[in-house]
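Student: how would this look folded up:
(chains A and B)
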Amino acid sequence: MGPLGDLASGFGVALTPENLLWALIGVFLGTAVGVLPGIGPALTVALLLPVTYDLEPISAFIMFAGIYYGGMYGGSTTSILLNTPGESASIVTAIEGNLMAKRGRGAAALATAAIGSFVAGTLGTLALTLVAPVMVKLALRFGAAEYFALIVLAFTTITALLGGSLVRGLISLLVGLTIGLVGVDTLTGQSRFTFGVPQLLDGIDVVTVAVGLFAVGETLWVASRLRHGAEETIPVRGSVWMTREEWKRSWKPWLRGTALGFPIGSLPAGGAEIPTFLSYSIERRLSNHPEEFGKGAIEGVAGPEAANNASAAGVLVPLLTLGLPTSATAAILLVAFQRYGLNPGSQLFQRDPELVWGLIASLYIGNVMLLVLNLPLAGLWVRLLAIPRPMLYAGILVFAGLGTYSQKGSTVDLVILYVLGALGFLMRRFDIPVAPAVIAVILGPVAEEHFRRALQLSQGNYMTFVTRPISGSILLLAALGLIVPIVLRAVQTRRTPPASSA
Amino acid sequence: MEQTPLPSTPEQVSHHSPPPLRDRLAELALAGAVVILGIIVIWETRGIRVTPAYSKVGPRVIPYLVGTGLIVVGLWLAVEVLEGRTATGAGDAEDADPTLPTDWRCVGGLAVALLVYLVLIERAGFVIASALLFFGSAFAMGSRRIIRDAAAGILLAIAVYEIFTRGLGLRLPAGVLTGLL
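Tutor: Okay, the predicted model is just below:
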């Protein structure tokens, strides 16, 4: 059976009335929570995890697919109407989209974002359908050394390419790795860094880390510097639709954004930030209306939004075929899989094809639902933006407590949550990105296991990572990813010395 | 919610004017904390027992690497700060205004609300603890519409409890309201 045959059987699973209902609930909840200011896609998925505890795996994942795409959609609405990007990948959308809204074209900005997301999401999912089986075949040839090298590559690119400062990204990564070390060592059964607390033997859950750093940390940060005065929500007038001219200006950016977003998203480097920024600068260069950029150009919304959603589909390639999450959101999705005792990777495709292809099929369905849901319901989502901030953040804390406590029913987890919340507050204060830490918590232990397995196979010979061709070349790439930005920065500072150096 | 530079300003860490002394000291304290964390990690690693069979690549190798890494990046941050490169605190501000000074009363109020939640969740039950958490944090963040917030907190707590325990099969402590819910 080729990928299309697999996909057809996946649709057979996803199109049952029950699973369609779960997809619809997922899409609706994902959008509603994603719209709320202060909640990005990663937190949306983390906070909604308890909703699926009682479901069959296949229904749970169909719902998660809806939540995942829905959260992305919701985020773009917030950034256009409030100029408050819920996550870094929406920053560009926020710039031009908010300016469009201020000029009275908010409805068109929402429409081009929604339709662009649909186009990119569908094409991206199609690409996922075709690429995933190829990746699975490739992954079968990977050993422990290769997996370790891949994770190192993901670590370096996530920290070096994102964020303004390499050293701050590395601090985040290493703090995440330290948190990941807590608990029983999987290979020898020795407890590490548990400080005698039995509840720490299981390790610190990634969901607690994400909720603590994102939800509690963000709430404390906002509370410490609460913006006073009314929020500027821009009312949307008229129907959410575009003029002929706006269609004409949107479709090429949608396709170009997709072409950038999917491949970059599917690399172990991953992330949606780079393709959205690239798309923005390309659209500015190619536009017939470059003068409109910085004043609300529709291309500046259409392209980056498409790139954002295509990369969300791309991120699923390493997640499903290699078990390698490359964004904070994907890290939470991986936890969801592990909750059901499932390990994404090439084996999952062979052992549980129904589940994997049902999930992929439901991504197509979720995209259609989102489009149908979002064009007419935009007005409803807009009203969510008007929730008074004290109530919004109070609600976030209630759900943070629920999500953490309900995992094991232990107040120790709440204490961990608060400690991580304080850590998240400090990270915000000092411009330390949070995503590398979240990814490191889940990938750190995996990396260590592969590292030690590879060394057992090679009888302790560390050269195994370099001499195996695939592993060696991946590690070379990782080293370049770390060194090149440092060199570039050094060259840059030499050319433009600080205006007032001490 | 991650911080990434805007396309127009590729460097979030500014080095245009020397940052105020207070900020520099705070950043140096951060760098020191990272170094100390690294030392703690290495110290604790020495206490991990190693079975002879795994002595080559046992459970200590990676912790040692991580601890060393923390010390290195801590020192690296200290060097950057001494060169005048500190954080601007201007990440993608959501509802926060990074130019304001820290409002410790507001943060302290939230901390109290969270601690009350921790103490009450198993003693008084999920509903009471959650309603108080909602009301307390809204109050700490400056909301003074007491009746509305109290009503919203109670309704939210009951709705969440009912939906998650009855509809979704989660177990949450009923506390003193056992039998009533």
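
Student: Now the element after the least confident helix or strand in chain B by mean pLDDT, going C-ward?
Tutor: Least confident helix or strand, chain B: helix B:21-45 with a mean of 92, by mean pLDDT, DSSP states H and E. Counting by DSSP states H and E, the element after helix B:21-45 in chain order, helix or strand, is helix B:61-82.

Student: Let me see the confidence value for the residue lying closest to A:Ala89 once chain neighbours are set aside.
Tutor: Closest residue to A:Ala89 apart from its sequence neighbours, by Cβ to Cβ, 6 or more residues apart in numbering or on different chains: A:Ala272 at 3.6 Å. C-beta here means a position set from N, CA and C on the backbone, and glycine is covered the same way. According to the prediction, A:Ala272 has pLDDT 72.

Student: Look up how far A:Glu305 lies from A:Ala272.
Tutor: 10 Å (Cβ to Cβ, to the nearest Å).

Student: any low-confidence regions in the chain?
Tutor: Chain wasn't specified; assuming chain A. A:1, A:83-88, A:161-164, A:228-240, A:269-271, A:493-502 (pLDDT under 70).

Student: That was the other one, I meant chain B.
Tutor: B:1-19, B:52-56, B:87-94.

Student: Outline the domain layout of it.
Tutor: Per the record, chain B has its domains at B:1-94, B:104-177, by automatic domain parsing.

Student: would you turn these into CSV with distance to A:Ile360 and mean neighbour count?
Tutor: Converted to CSV, those look like this (distance: least, Cβ to Cβ, whole Å; neighbours: other Cβ atoms under 10 Å in any protein chain shown):
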stretch, distance to A:Ile360, mean neighbour count
domain B:1-94, 27, 17
domain B:104-177, 26, 18
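
Student: okay if I get these as JSON lines plus distance to A:Val315?
Tutor: As requested, the domains of chain B are exported to JSON lines (distance: least, Cβ to Cβ, whole Å):
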{"stretch": "domain B:1-94", "distance to A:Val315": "14"}
{"stretch": "domain B:104-177", "distance to A:Val315": "27"}
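
Student: Show the contacting residues for A:Pro344.
Tutor: A:319-323, A:334, A:337 (Cβ atoms under 8 Å, 6 or more residues apart in numbering or on different chains).

Student: Return only those of those residues found close to chain B.
Tutor: Among the contacts of A:Pro344, no residue sits close to chain B (Cβ under 8 Å from any Cβ of the partner chain).

Student: Name the nearest residue to A:Ala310, ignoring sequence neighbours.
Tutor: Closest to A:Ala310 by Cβ to Cβ, 6+ apart is A:Gly261, at 3.1 Å.

Student: Measure how buried the one you found is and give me the count.
Tutor: Neighbour count for A:Gly261, taken as other Cβ atoms under 10 Å in any protein chain shown: 35.

Student: Quick check, it in contact with A:Pro275.
Tutor: Yes - taking contacts as Cβ atoms under 8 Å, A:Gly261 lies within contact range of A:Pro275: 4.3 Å.

Student: Between the two, which contacts overlap?
Tutor: Both A:Gly261 and A:Pro275 are contacted by A:307-308, A:310-311, under the criterion Cβ under 8 Å, 6+ apart.

Student: Going by distance to A:Pro57, which of those wins?
Tutor: Nearest to A:Pro57 out of those is A:Ser311 (Cβ to Cβ; 25.9 Å).

Student: element containing the closest one?
Tutor: Using DSSP H and E, the element containing A:Ser311 is helix A:299-322.

Student: And the next helix or strand past that helix?
Tutor: helix A:328-339.

Student: now residue 50, nearest residue through space, not along the chain?
Tutor: Went with chain A since none was named. Distances taken as Cβ to Cβ, 6+ apart place A:Ser406 nearest to A:Pro50, at 5.1 Å, with adjacent residues excluded.

Student: other chain: chain B
Tutor: B:Gly58 (4.4 Å).

Student: which residues in chain A form strands?
Tutor: For chain A, the strands defined by DSSP state E cover A:183-184, A:191-192.
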